[in-house]
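Asker: How does the following fold in three dimensions:
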Amino acid sequence: MTRLPLLAQSLRRTAATALAAALIGGAALSASPALAATDDVTWTVRTSSNALGADRTNYSYTLNPGGHLDDGIVVANRGTETVELDVYAADGYTTTTGALDLRIAGEQSVGVGAWITVPQRHVSVPAGQSVDVPFSVDVPANATPGDYAGGVVTSLTVADASTGVNVDRRLGIRTGIRVGGDLAPALAVDDLRVDWDGGVIPFLTGDATVHYRLHNTGNVSLGADETDAVTGPFGIARTEAVPESAAPVLLPGESWERDVRVPAVAAMGMLIASTTATPIVTDAAGSISTLDPITVSTTGWAVPWPLLLVLALIIAAAVFGPRLLRERRRRRQQAEDERVAAAVERTLAEQRERELVD
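Answerer: Numbering: from 1, shown residues only. Prediction:
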């Protein structure tokens, strides 16, 4: 079994609230109950067994605008005392680490969190027992086709005397809704640029860094496979690299920043960097397909300034060195001529003086 927990924490001293959430869901999860990895969470959650399925790993719905369905979440208390829980739905988003997180209670939801209604917003679960909490899904008639992500959450507020705040422990099940209509998966690669660091030996090679942003511009969740390359003019000395980790699945409208290091790029003056991204789409049945690759390119500079300085000094010596030597010789000869002329003048002057005396 593979579990994909999502744990996030935040502290709000003014509201005396802190958050620790675990979101259970994913394509490879088993149907066994999910338990958050914290001592304060003594309950588990799982999907209800009904006409929509038994032993489901998460909630995955395909509904047209205006569609409706009923479902439920089962909460089991594994502790020794009755647990009092809040139950609600929230929108999801991709964090800077690439994980899916949920909006905290009180934050506005416009998709999954707004379309799922939990009539029993508070549930009391005795020790050793389970409670089935029903909820309904109603997609607005004007909903835009595409993918929406979120979760159904159970929450327990626990006082933390050491910090003076309340800790909100959340355990939920991932929920995805695909609204029927014209689906338009699309991916863009924005803000592409390349930098060259000069390397340890700047006369030879250095590392280049390709910066760009993957942007899901369509209405379907998607991932991407990427290859980055750097070449010199006319495609010479091509060097390729791939990101160290795969891009997360991006929800419609989301972006993901990339910095990919391309090693041992020769100092060729002008660089041409390119990124090829192949969008990966998962349909409602779980089948994976790829779209046509997207390739974008840009130019940068790999200028070996120390080498250019040395070359400039060599050229300057070659051009101006002989001229300086000729000038030095001319001045030396001029000084020698002036010295000889002065000596001759002194000799003639001395001779005239002797003639006058005689």
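Asker: how about the helices in the stretch 201-350 of the chain?
Answerer: Using DSSP state H, counting those that start in this stretch, the helices of the stretch 201-350 of the chain run over residues 305-357.
Asker: is it true that L183 touches T144?
Answerer: No. If you go by Cβ atoms under 8 Å, L183 and T144 don't touch, sitting 10.7 Å apart. C-beta coordinates here come from the backbone N, C-alpha and C atoms, glycine included.
Asker: what is in contact with the two at once?
Answerer: Common contacts of L183 and T144 (Cβ atoms under 8 Å, 6 or more residues apart in numbering): N219.
Asker: Settle it for me: which of the two has more neighbours?
Answerer: L183 (16 against 13; other Cβ atoms under 10 Å).
Asker: Can you classify the more buried one by secondary structure?
Answerer: coil (DSSP: H, G, I helix; E, B strand; the rest coil).
Asker: Spatially, and excluding backbone neighbours, which residue is closest to it.
Answerer: Leaving aside its sequence neighbours, L183 sits nearest to V220 (Cβ to Cβ, 6 or more residues apart in numbering; 5.3 Å).
Asker: Contacts only, for the one you found.
Answerer: G146, D147, L183, A184, P185, P252, V281.
Asker: Got a PyMOL select line for the buried ones in these?
Answerer: Filtering the contacts of V220 down to the buried ones (16 or more other Cβ atoms under 10 Å) takes a single PyMOL command:
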select buried, resi 146+147+183+185+252+281
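Asker: Looking at the contacts of V220, which one is closest to D86?
Answerer: D147 (26.7 Å; Cβ to Cβ).
Asker: May I have the strands that pair with the helix or strand that contains that closest one, each with its orientation?
Answerer: When secondary structure is defined by DSSP states H and E, D147 falls within strand 146-160. Applying DSSP bridges to the sheet, strand 146-160 is found paired with strand 83-94 (antiparallel), strand 165-179 (antiparallel).
Asker: how far is it from where the chain is centred?
Answerer: 24 Å (Cα atoms, centre = their mean, to the nearest Å).
Asker: Report the buried residues of that strand.
Answerer: Buried, per 16+ other Cβ under 10 Å, within strand 146-160: G146, D147, Y148, A149, G150, G151, V152, V153, T154, S155, L156, T157.
Asker: Also stretch 156-175?
Answerer: So for stretch 156-175, counting by 16+ other Cβ under 10 Å, buried means 156-157, 165-175.
Asker: Over to stretch 265-280?
Answerer: Those would be 265-268, 271-280, for stretch 265-280 by 16+ other Cβ under 10 Å.
Asker: for stretch 52-64, same thing?
Answerer: In stretch 52-64, counting by 16+ other Cβ under 10 Å, buried: R56, T57, N58, Y59, S60, Y61, L63.
Asker: Mind picking the two most distant members of those residues?
Answerer: T57 and L63 (19.1 Å).
Asker: Nearest the geometric middle of the protein, what residue?
Answerer: E257 (3.3 Å; Cα atoms, centre = their mean).
Asker: Distance of the nearest residue to that residue once chain neighbours are set aside relative to A241?
Answerer: Spatial nearest neighbour of E257, excluding adjacent residues (Cβ to Cβ, 6+ apart): R213 at 5.3 Å. Counting by Cβ to Cβ, to the nearest Å, the gap from R213 to A241 is 17 Å.
Asker: ok, these two, which is more surrounded?
Answerer: Shown here are R213 and A241; by other Cβ under 10 Å, A241 has more neighbours (19 against 13).
Asker: Test my guess that the more buried one contacts V262.
Answerer: Yes. A241 is within contact range of V262, at 4.4 Å (criterion: Cβ under 8 Å).
Asker: quick one: low-confidence parts of the stretch 251-358 of the chain?
Answerer: 304-312, 316-317, 358 (pLDDT under 70).
Asker: pretty sure T157 contacts N166?
Answerer: Yes. Counting by Cβ under 8 Å, N166 is a contact partner of T157 at 5.1 Å.
Asker: For L251, see how far away the residue nearest to E257 is.
Answerer: For R213 relative to L251 (Cβ to Cβ), the value is 15 Å.
Asker: Can you tell me the element G66 falls in?
Answerer: Here G66 is assigned to no helix or strand, by DSSP H and E.
Asker: what about it, distance to N50?
Answerer: 22 Å.
Asker: Could you list the buried residues of stretch 246-263?
Answerer: Neighbour-count burial for stretch 246-263 [16+ other Cβ under 10 Å]: A247, P248, V249, L250, L251, P252, E254, W256, R258, V260, V262.
Asker: I'd assumed I280 was in contact with P293.
Answerer: No. Using Cβ under 8 Å, P293 and I280 do not qualify as a contacting pair, with a distance of 11.1 Å.
Asker: residue boundaries of the strands in the stretch 1-150 of the chain?
Answerer: Chain-ordered strands for the stretch 1-150 of the chain, with DSSP state E, counting those that start in this stretch as the definition, fall at 8-12, 17-24, 43-47, 59-63, 68-77, 83-94, 100-102, 116-117, 122-125, 130-138, 146-160.
Asker: Adding distance to Q108 and mean pLDDT, write the ones you listed out as CSV.
Answerer: Output for these, formatted as CSV (distance: least, Cβ to Cβ, whole Å; pLDDT from 0 to 100):
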stretch, distance to Q108, mean pLDDT
strand 8-12, 16, 31
strand 17-24, 16, 43
strand 43-47, 24, 97
strand 59-63, 21, 96
strand 68-77, 22, 98
strand 83-94, 8, 96
strand 100-102, 13, 94
strand 116-117, 14, 98
strand 122-125, 21, 97
strand 130-138, 17, 98
strand 146-160, 12, 92
